[in-house]
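Colleague: model this:
(one chain, ligands or ions: 1)
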Amino acid sequence: MSRQIRVDPPKLGFFAKDLRRIALECRTGGDHLLAQTSGALSYDGQYAPWIQAIAGEADHRLRLFGDKLDSLADLLDRIAWAFENADSLDEREMHFWAGEYRALIDAGFDGSTFPWWLIRGQKPPWMSDSVWKHMLPEDRDAYLASLGGSWPEFASSGDYSHATDDDTWSAFLAWLYVQGQIASPPDEGVWRSAARAAGKTLEEYLSEISNTPQAQVDAWFRAAEAHGFHQESAIHEIAAMARAGETVEEYFGFSMEGDWQEEDKNTVVESVLQVSHAMAEITGGSAHEALGLVYDVSADDPLVFGWENCPECNGLGGYTYGRNLIRFESLSPISELRRTNNVVHELGHAFHWAMVHAGVEPDPYSMLEITQNSDPSFPNRLAPPSDRWARGPNYGFASPQKVYTWQQSALEIVREEFADQFLGWTFDEWESDEFGLTEKGQLRSDWMDQNMPIWVKAVASH
Ligand SMILES: [Zn+2]
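Modeller: Modelled structure (predicted):
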């Protein structure tokens with residue numbers, strides 16, 4: 001510690017008492033003034049209103065002053081209490097803790113949220129009685145010692161005194177997990193409570209601890225919800241990523257090369273999260289594992305999203321070069337939905353190449369061609385209308401041809417139909433009317449629901 005503060009707690013207590021006495025005198029004085037001037041009319045009618053106004057104002061000020069003195073007295077009492085605690089730590093030869101504690105109080109930390117249970121060797125507030133009871137004394141000591149070593153670093157890592165003591169302990173527990181000092185992630189309630197301690201929303205808090213833009217945390221929650229995952233599983237994934245000290249890109253095994261705008265990066269992350277969660281619904285594991293398994297990518301050998309440098313894009317949109325390389329010349333200026341769909345469509349092409357790479361047969365393009373050749377009822381896109389502004393039918397997709405929302409390509413060729421089906425499958429969006437899915441929408445949806453699990457499982461067991 002750089003400096004020692006010498007404080008005499010009993011003196012502070014006396015001073016606080018003095019302040020309270022003066023506060024009381026102020027109020028009594030105000031009452032006195034009012035009582036005296038209320039009778040002013042009887043001895044000087046002319047000046048009575050003026051005198052009464054002055055007395056009223058003086059009474060008001062005396063009361064405000066009294067309130068201020070009272071709150072000062074409260075503060076002094078709290079400081080006295082805090083320093084008594086520090087002194088008692090010194091008396092018990094816990095000089096390190098006494099120093100830490102004084103430093104915290106000096107920095108304005110609320111002493112009531114100090115981990116006294118830790119100092120007293122008691123059960124951590126988050127642990128159940130039965131678990132604590134069954135721990136050997138030496139294990140308890142070792143556990144508390146390791147917590148004790150972590151507390152000062154935690155306390156100086158942020159301000160966790162925005163809510164209750166329990167919320168502060170939650171923030172400590174969450175911090176311990178992210179630091180890799182406890183094995184299993186705390187449950188959802190603890191993360192929410194920790195966010196309260198930090199005075200933040202859950203999304204803000206997770207964004208901060210994982211060093212991830214909040215737009216991406218929001219996208220993570222959306223993807224989890226869209227694919228039937230509990231919010232807790234998204235929280236645990238984000239926390240595991242923070243614990244590993246990885247970015248979203250490293251954690252999922254993709255990278256963005258070239259001069260990407262921040263907003264476009266968020267679009268790519270949203271798309272990857274949606275696709276990987278859709279796949280994790282099949283693998284039953286976590287989303288980042290699903291992406292790695294299916295595309296055979298990792299932080300060291302990532303799925304690359306390149307910006308520009310794409311002759312095959314012909315100046316517009318994206319082009320997929322293989323299972324792990326997609327380049328973009330532009331994303332749709334129309335809406336965020338279309339921009340996300342641009343990327344998911346390309347991930348559909350890359351999915352085909354991932355199946356080819358894994359030797360899965362028949363691959364998606366071939367399989368769709370087989371179906372369209374053998375089943376005349378299965379929708380089959382025709383070349384788009386030549387009139388520049390004319391739109392074609394939906395062909396089972398959720399928007400008409402040449403609208404470019406759910407048919408990202410207008411082309412009749414099988415690879416473009418598959419990539420659009422991949423997009424429809426990712427978001428479960430197909431052609432529908434007031435009765436639900438149309439016949440063509442149902443056929444495309446069923447085809448994907450039948451084949452995607454086979455491909456994803458084949459590649460996952462590869
Ligand atoms: Zn395409």
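Colleague: C-alpha only now, for contacts and for neighbours.
Modeller: OK.
Colleague: from residue 159, how far out is residue 412?
Modeller: According to Cα to Cα, to the nearest Å, residue 412 and residue 159 sit 59 Å apart.
Colleague: do residue 104 as well
Modeller: Looking at residue 104 against residue 159, where the rule is Cα to Cα, the gap reads 11 Å.
Colleague: one more: residue 304?
Modeller: 39 Å.
Colleague: for those two, indicate the residue with more neighbours.
Modeller: Comparing residue 304 with residue 159 by neighbour count (other Cα atoms under 10 Å), the higher total belongs to residue 304, at 19 against 14.
Colleague: could you look up the SS state of the more buried one?
Modeller: Per DSSP: H, G, I helix; E, B strand; the rest coil, the local secondary structure of residue 304 is strand.
Colleague: ok, now how distant is it from residue 74?
Modeller: For residue 304, the distance to residue 74 equals 60 Å [Cα to Cα].
Colleague: which strand or helix spans residue 205?
Modeller: Taking DSSP states H and E as the criterion, the element that holds residue 205 is helix 202-210.
Colleague: report the rounded mean pLDDT for that helix.
Modeller: Mean per-residue pLDDT for helix 202-210: 98.
Colleague: list the contacts of it.
Modeller: Defining contact as Cα atoms under 8 Å, 6 or more residues apart in numbering, one finds that helix 202-210 is touched by 191-192, 195-196, 198, 212-214, 217-218, 235, 238-239, 241-242, 245, 247.
Colleague: render the CA-only coordinates of it in PDB, please.
Modeller: Taking only C-alpha atoms (Å, rounded to 0.1, in the frame of the first residue of the first chain), the coordinates of helix 202-210 have been written out as PDB:
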ATOM      1  CA  LEU A 202     -27.100  -8.800 -19.000                       C
ATOM      2  CA  GLU A 203     -26.200  -8.100 -22.700                       C
ATOM      3  CA  GLU A 204     -24.000  -5.100 -21.700                       C
ATOM      4  CA  TYR A 205     -22.300  -7.200 -19.000                       C
ATOM      5  CA  LEU A 206     -21.600 -10.200 -21.300                       C
ATOM      6  CA  SER A 207     -20.400  -7.800 -24.000                       C
ATOM      7  CA  GLU A 208     -17.900  -6.300 -21.500                       C
ATOM      8  CA  ILE A 209     -16.600  -9.500 -19.900                       C
ATOM      9  CA  SER A 210     -16.100 -11.200 -23.400                       C
END
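Colleague: may I see the buried residues of it?
Modeller: By 16 or more other Cα atoms under 10 Å, the buried positions in helix 202-210 come out as 202-207, 209-210.
Colleague: next structured bit after it?
Modeller: Under the assignment DSSP H and E, the closest C-terminal helix or strand after helix 202-210 is helix 214-226.
Colleague: check which helices and strands whatever helix or strand comes next after that following helix sits against.
Modeller: Counting by DSSP H and E, the next helix or strand C-terminal to helix 214-226 is helix 231-244. In terms of contact count using 3 or more Cα pairs under 8 Å, 6 or more residues apart in numbering; DSSP states H and E, helix 231-244 is assigned the packing partners helix 165-178, helix 188-197, helix 202-210, helix 214-226.
Colleague: please convert the buried members of the contacts of helix 202-210 into PyMOL selection syntax.
Modeller: Only the buried members of those enter the following PyMOL selection, criterion being 16+ other Cα under 10 Å:
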select buried, resi 191+192+195+196+198+212+213+214+217+235+238+239+241+242+245+247
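Colleague: tell me where this structure has strands.
Modeller: Secondary structure of the chain (DSSP state E): strands located at 254-257, 303-307, 318-322, 325-328, 432-433, 436-437.
Colleague: in the first one, what's buried?
Modeller: Of all the residues in strand 254-257, those buried under the rule 16+ other Cα under 10 Å are 254-256.
Colleague: residue 196 - nearest residue in space that isn't next to it in sequence?
Modeller: Using Cα to Cα, 6 or more residues apart in numbering and skipping residues adjacent in sequence, the residue nearest residue 196 is residue 163, 5.9 Å away.
Colleague: what pLDDT is listed against that neighbour?
Modeller: At residue 163 the predicted local confidence, pLDDT, stands at 89.
Colleague: residues in contact with it?
Modeller: For residue 163, the contacting residues are 196-199, taking Cα under 8 Å, 6+ apart as the criterion.
Colleague: and which of those residues is nearest residue 84?
Modeller: residue 197 (25.5 Å; Cα to Cα).
Colleague: which helix of this protein spans the most residues?
Modeller: Secondary structure of the chain per DSSP state H: the longest helix is helix 48-91.
Colleague: mind giving me the packing neighbours of that helix?
Modeller: Where contact means 3+ Cα pairs under 8 Å, 6+ apart, helix 48-91 is packed against helix 9-38, helix 95-106.
Colleague: flag every buried residue along the last one.
Modeller: In other words, helix 95-106. The neighbour-count check on helix 95-106 (16+ other Cα under 10 Å) flags 97-105 as buried.
Colleague: out of those, which is nearest to residue 431?
Modeller: Closest approach between those and residue 431, by Cα to Cα: residue 104, at 61.5 Å.
Colleague: return the member of the buried residues of helix 202-210 nearest to residue 151.
Modeller: Nearest to residue 151, judged by Cα to Cα, of these is residue 209 at 16.9 Å.
Colleague: so which elements touch the lowest-mean-pLDDT helix or strand in the chain?
Modeller: Counting by mean pLDDT, DSSP states H and E, the chain has its least confident helix or strand at helix 95-106, which shows a mean of 74. Contacting helix 95-106 under the criterion 3+ Cα pairs under 8 Å, 6+ apart are the following elements: helix 48-91.
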